[in-house]
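In: Quick one: sequence plus predicted model below, questions after.
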Amino acid sequence: MSRLLPLWLCLLLPLSLTAAPRPTAAPGPEKTLEFVENKGQWPKTVRYQAELPGGRLYLTPTGFTYSFLSAATFAQINHRHGDDNAPPRSAAPAPTEARGHAYTVSFEGGNARAALLPEQATSGTRNYFLGSNPREWASGVAGYRQVRYQAVYPGIDVRVYENAGQNLEYDFELAPGAKPDNIRLRYAGPNAVRLSAEGQLLIETSVGTVIEQAPLAWQTTATGRRLPVSCRFELQGSTVRFRLGAYDAKLPLIIDPTVLFSSFTGSLADNWGFTATHDAQGNMYSGGVAFGPGYPTSPGAFQTSFAGMADVAIIKYKVTASGAAARLYATYLGGSRTDAPHSLIVNGLGELVLLGSTSSGNFPVGSAAAQRTFRGGQPVNPFGGAILDQMGYPEGSDLFVATLSADGSKLVAATYLGGSANDGLNLSLANNYGDQFRGDVLTDGANNVYIASTTNSTDFPMAGALQRNLRGATDAVVCQLPRLLDRLNWSTYLGGTGTDAAFSLQLSTGRTLYVGGATTGTGFPTVAGSLHPQSAGGREGFVVGLAADAGTPRYGTYLGTSADDLAFFVQLDNSGDVYVLGQTNSNAYPKTADLYGTPGARQFIHKLDATLSTTMFSTTFGSAQSEHEFSPTAFLVDDCERVYVSGWGGATNRGYSTGTTRNLPITPDAVQKTTDGNDFYLAEFAAGLTGLEYATFYGEQGGRGEHVDGGTSRFSKKGVVYQAVCGGCGGTQGFPRPPGASFYDTRNGSTNCNNAAFAINFDIITADPGATRYACATDGPVLLGGQPAGGTWSGPGVVRRPDGRYEFRPTPELVGRNVLQYTVKATGVCVSTRPMALIVAKTQPVTIAPLASLCANASPITLQATPTGGTWSGPRGLSGNTFDPRLSGPGTFTLTYSISDTLACGTASTTVTINAPPTPQAGPNLTLCAYETAPIQLTGATPAGGTWSGPGVTPAGLFTPPDTRLLGGIFTLTYTVSENGCAVTATRQVLLAPSPTSNAPLQVPVCERFPEFTGLAPLTLTMKPVLTGGTYEWDFGDGSPRSTEENPEHVFTQPGRYNVRLVARYANCVVETSFAPVIVNRTFVPNIITPNRDLQNQSFIPYFSCRTTQLSLYNRWGSKVYETADYRNDWQATGLSDGLYYYQLKDADGRTAKGWLTVVR
């Protein structure tokens, strides 16, 4: 039996950077460095962020901020399991603090408001729901391959990107004439910055050394030839400059340092794999835990708590795509402490529902949540390590339930669920590594949410409970909530005198909610007449059936032997019978005769009737090792009652079991026939467990072994397993991808484990009739399809055509909901049948309001029809009930209005004529000299017959220049043409030149601080002509070069009287203007004041500058006696003796003056 592997997806380190030489020929591998925009999820000074080996890069308008964690920190983030000598269910103690270092690189003297422009957008988006403040959430966050800083220095841009060698590079791009000496890079925060003998820049931090390769520089000629320019770093203290050899200042210049991170390990994008699911379109959702600290508060070494580094990371993949296109979105969810996903499901609206646990008091719950407050519990680490290590829950734990929109951009709803003790963590019944995070979430046709988990709380929120009180140390909990998670519809404990946990949920067509899990002790709420109403001893599995709408008991049984037995998954077949997948420590778990299986094996499948009172069959499978060989992660029973299992085993489970995947049975067509004992195992069993139809290993050969860190994965009813994986541990690259399989990323650039995911298609043939369809009672036959083709249709109104296809014939008698069945042959005698609703609606008259003809340049109109609520169809320009003739263009078009719903249907059409507008031309612009005041007839306008409007013009186009009091003016005249109801305008300008004038005023800026300082040299004036629209020649009267600008800015540097003249030309009109003289006053600083209260010469008033001025005064011994950054001409030597003082003045433009001053009273 052949098996397809259409998808292999792996979220691994997004960028692998090494110190290899830069490539110069063949292109390198696909680039993975992404600059993610900031839409409020980070401090507002950050514009973009990128993941680097060992850290993160933040781009701000003033430069770069790097933040790294130490290699030892990444070793702690990595899993501490797989130790053959580790005691069972324990882990070695771990540090509680993560050690890191941050430093900044600033563009010293650069443009602090430089614009950062992203380039080369990547596919997919990100969403951030971190913390309880919605203003700090961000959706639809885009990523880019590079970012360009514009005008950091005059004529100099900076481009930041990943080069062909997969190294971070930033290029300074200098326009012709730009000055490279302006570039100064100031490093703040490193322990040291120094140059190597090879010319490299070494940035030493407390966690490693960053190397910036010796820079290259070049220029490119007009023919494309690259001319190298010698270039080197020059280090002055903590500031770096570039020293260049000879180059052509008329050509652009490129300077490109490259940054290497060869001494750093790990990635802050690391994820552990927890859970996976799918949607109706076959897309895969992978849920894990992402680690990383926040934006550094200051440069230098820092420490941060591990327990604040874990957030939920959800990634949606398109399984039919490869590379970057495979990732549809990534969403990050969590608070300031540890958050982890346990189980995922997609509801009928395409929304992703998550069940998980949190230690965060600021987890992003909704304002209308069923429980808005975090209640926490006792500090705990599910893996037995330090409370504050990477997966510690320092504030205890609550459950959370959250729902994301179909595109991941909105947090539809979220709530805590928990009491005053720990909730959601299965600590006492962990039979495998990762069992601590088991639990399940399920939705029904009304999108109600069901969850199953465990609690230590005596005050877990209850509603309509079967069992209102905690009976043992821990109890299972089962709840139903509405889609918006704003209340508990019902909630109940499930438990006896020992410890209990619920792992799995299934909902029958009769709305019985089946719950599977494990229990110890006695008193678990079974039902009389069940298969095992009493405990057989040890840890046992259980299955209960509750009324889905009320949580009341219907059925319930223990399941197991006197040894330890745990029920991890529950499934239902089409008859409603119940299948259970679990583990046993018994050599004598019941095995039905003639079934496939291995006596004494440690994995069991048990089938019971719907009332849980009768065993239909049971068997054990595996290799009969003395330990269970793999941890179950996904389970399915298909329409043909074939059974599918997925799980992992090996070294990662060593603290829980010595079993491995060695010697597990496989079939000859297995996609992977060998195992190193540390792989996934996938199996398909024939209906009734009569045989093993397919089995394979899946995983890397060597390495530390693939596994799951907790949570559940799922099979779809189409036989595709969607499996979350934690793989590539130790930085290995061998996670398999079969030929032809799709992928997201095939590389692991980390020394750590990373979240991977795979989907395997078991080729189940399943009937798919398609979505609900609609028809009108008066419609013609509706052709029925279905996948795969060749099946049969049955139901009311179904007719088989002569060509073998089927159609539905609507009639008035079939108005309402009709359920049709589509059936295909599956395997052997098995058939797959699925229903489809076809709703027939009665007809109803439809009317459309009449439409007049429109002009093609008219504004959009709103279409009206009755009854309301229908849909419009028609030409381009139609959107909803709005029609835009500007988009349709001229012509006659048909607009159709249809109503079609479960109540009524009907259609009507109308036509609308769109007329082409005329294209008038108003003629060329006209210039008149000041003396040309006689009326003039405007000519050159087309087509004829239009009308004129505007200042001084008659409708017939006779223009009389208005009186401008010799100042001239520019007049805009409008020519309007109307044809076929379309009125269109064109314009022309008439410029009336001003008259020559003398003594015209100039606007001398008044010194607002001290009006008496107005006109002090140097005096800057902005010149303005009498009228714009000409060419100009300015003479400033001070012997400086003349200017041809329209509004030149001129500085009179010396005191004096200056006569400014302007010669302006407007076409053939030459206009000379003489301006009032410019008086520039000299600066003057007095050298004596007499503060004797006679109101004469009381204060020190230096006629020095109108700008803000700094004053410093010293006595004759050099001691400072007065200083101010903003002198207001008010110093009177108060409290000081008469005598000689020395002053220093410096204004905001940097001008200075100094001298002596005598105080005499």
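Out: Everything's here; your move.
In: what's the closest non-adjacent residue to Asn411?
Out: That one is not Asn; residue 411 is Leu. Leaving out its chain neighbours, the residue that sits closest to Leu411 by C-beta to C-beta, 6 or more residues apart in numbering is Phe129, at 4.7 Å. Where you see a C-beta, it was placed from the backbone N, CA and C, and this is true even at glycine.
In: Whichever strand or helix holds the one you found - which strands sit beside it in the sheet, and in what orientation?
Out: Using DSSP states H and E, Phe129 falls within strand 125-130. Its sheet considered, strand 125-130 pairs with strand 138-141 (antiparallel), strand 327-334 (parallel) by DSSP bridges.
In: Looking at those strands, which is nearest to Thr373?
Out: Closest approach to Thr373 among these (C-beta to C-beta): strand 327-334, 17.1 Å.
In: Which residues outside the closest one are in contact with it?
Out: 123-130, 283, 290, 310-318, 339, 354, 358, 360, 363-364, 402, 404, 407-409, 411, 744 (C-beta atoms under 8 Å, 6 or more residues apart in numbering).
In: go on, stretch 584-599?
Out: Outside stretch 584-599, the residues that touch it by C-beta under 8 Å, 6+ apart are 538, 560-566, 600, 602-604, 606, 615, 617-624, 628, 665, 685-686, 688-692.
In: looking at this structure, which helix or strand is least sure?
Out: Least confident helix or strand of the chain, by mean pLDDT, DSSP states H and E, is strand 4-10 with a mean of 34.
In: Give the other helices and strands that the helix or strand following it contacts.
Out: For strand 4-10, the succeeding helix or strand toward the C-terminus, using DSSP H and E, is strand 35-37. When contacts are defined as 3 or more C-beta pairs under 8 Å, 6 or more residues apart in numbering; DSSP states H and E, strand 35-37 packs onto strand 48-52, strand 143-153.
In: and strand 35-37, which strands flank it?
Out: strand 48-52 (antiparallel), strand 143-153 (antiparallel).
In: Which of the contacts of strand 327-334 fall within helices?
Out: Judged by DSSP state H, helices contain none of those.
In: Quick one: buried ones out of the residues you listed?
Out: 124-130, 283, 290, 310-318, 339, 354, 358, 360, 363-364, 402, 404, 407-409, 411, 744 (16 or more other C-beta atoms under 10 Å).
In: Next step: these restricted to strands.
Out: Counting by DSSP state E, the buried ones among the contacts of strand 327-334 place 125-130, 290, 310-317, 339, 354, 358, 402, 404, 411 in strands.
In: Now do the residue most central in space within the chain against Gly288, distance only.
Out: Of all residues in the chain, the one closest to the mean position by C-alpha atoms, centre = their mean is Arg126, 1.5 Å from it. As judged by C-beta to C-beta, to the nearest Å, Arg126 and Gly288 stand 15 Å apart.
In: Pull the number of nearby residues for Arg471.
Out: Using other C-beta atoms under 10 Å, Arg471 is surrounded by 18 other residues.
In: That one contacts Gly495, doesn't it?
Out: Yes - contact criterion C-beta atoms under 8 Å: Arg471 and Gly495 qualify, at 4.9 Å.
In: where's the residue nearest to Gly950 when sequence neighbours are not counted, which helix or strand?
Out: Sequence neighbours aside, Leu973 is the residue nearest to Gly950 in space, at 3.9 Å (criterion: C-beta to C-beta, 6+ apart). Taking DSSP H and E as the definition, Leu973 sits inside strand 969-979.
In: buried sites along that strand?
Out: Neighbour-count burial for strand 969-979 flags 969, 971, 973-979 (criterion: 16+ other C-beta under 10 Å).
In: Report the two of these separated the most.
Out: The largest separation in those, counting by C-beta to C-beta, is between Gly969 and Glu979 at 32.4 Å.
In: Need the three-state assignment for Ala214.
Out: Following DSSP: H, G, I helix; E, B strand; the rest coil, the label given to Ala214 is coil.
In: go on, Val990?
Out: Classification of Val990 using three-state DSSP returns strand.
In: Mind listing the residues bridging to it?
Out: Here Val990 sits in beta bridges with Leu926, Phe971, as judged by DSSP bridges.
In: one step back: now restrict the contacts of stretch 584-599 to buried residues only.
Out: 560-561, 563-566, 600, 602-604, 606, 617-623, 628, 685-686, 688-689, 692.
In: circling back: out of the strands paired with strand 35-37, which gets nearest to Ala369?
Out: strand 48-52 (29.7 Å).
In: Now that Gly711 has come up, it's in contact with Phe437, right?
Out: Yes - here Gly711 lies in contact with Phe437, judged by C-beta under 8 Å, at a distance of 5.2 Å.
In: what is in contact with the two at once?
Out: Listed as contacting both Gly711 and Phe437 by C-beta under 8 Å, 6+ apart are 274, 340, 342.
In: Can you give me the distance of the second one to Leu417?
Out: Taking C-beta to C-beta as the criterion, Ala340 is separated from Leu417 by 15 Å.
In: next one: the last one
Out: With distances taken as C-beta to C-beta, His342 is found 12 Å from Leu417.
In: Find the one among the strands paired with strand 125-130 with the highest mean neighbour count.
Out: For those, ranked by mean neighbour count under the definition mean count of other C-beta atoms under 10 Å, the leader is strand 327-334 at a mean of 24.
In: Render the CA-only coordinates of that one in CSV, please.
Out: What follows is strand 327-334, C-alpha atoms only, in CSV (Å, rounded to 0.1, in the frame of the first residue of the first chain):
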residue,chain,number,x,y,z
ARG,A,327,3.4,30.2,6.0
LEU,A,328,0.0,32.0,5.9
TYR,A,329,0.4,33.7,9.3
ALA,A,330,2.1,33.5,12.7
THR,A,331,0.4,34.6,15.8
TYR,A,332,2.0,35.1,19.2
LEU,A,333,-0.2,35.0,22.3
GLY,A,334,0.7,35.3,26.0
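In: Give me the angle between that strand and strand 310-317.
Out: Between the axes of strand 327-334 and strand 310-317, defined by axes from the mean of the first three to the mean of the last three C-alpha atoms, to 10 degrees, the angle is 160 degrees.
In: picking that back up, can you list which of the contacts of stretch 584-599 are found in strands?
Out: 565-566, 603-604, 606, 615, 617-621, 685, 692.
In: between the residues you listed, which is closest to Gln213?
Out: Looking across those and measuring by C-beta to C-beta, the closest to Gln213 is Gln603, at 55.0 Å.
In: Return the residues in contact with the nearest residue to that closest one once chain neighbours are set aside.
Out: Of all residues beyond its chain neighbours, the one nearest Gln603 is Gly622 (5.0 Å), with distances taken as C-beta to C-beta, 6+ apart. Neighbour list for Gly622: 598, 601-603, 628-630, 664 [criterion: C-beta under 8 Å, 6+ apart].
In: Out of these, show me where the pLDDT dips lowest.
Out: Here the lowest pLDDT out of the contacts of Gly622 sits on His628, with 86.
In: List the buried residues for stretch 943-956?
Out: So for stretch 943-956, counting by 16+ other C-beta under 10 Å, buried means 946, 948, 952-953.
In: Span of it from start to end?
Out: For stretch 943-956, the first-to-last residue distance is 13 Å (C-alpha to C-alpha, to the nearest Å).
In: average pLDDT across it?
Out: Summarised as a single mean, pLDDT over stretch 943-956 is 95.
In: Can you list the neighbours in contact with it?
Out: For stretch 943-956, contacts defined as C-beta under 8 Å, 6+ apart pick out 918, 920, 938, 941, 957, 959-962, 971-978, 990.
In: Now the closest residue to Phe959 other than its chain neighbours, what are its backbone angles?
Out: Using C-beta to C-beta, 6+ apart and skipping residues adjacent in sequence, the residue nearest Phe959 is Val953, 4.7 Å away. The phi/psi pair for Val953 (degrees, to the nearest 10) reads phi -120, psi 140.
In: Among the shared contacts of Gly711 and Phe437, find me the one that's closest to Lys718.
Out: Taking C-beta to C-beta as the measure, Lys718 sits nearest to Phe274 out of the shared contacts of Gly711 and Phe437, at 23.2 Å.
In: tell me which element that closest one falls in.
Out: For Phe274, the element it lies in under DSSP H and E is strand 271-278.
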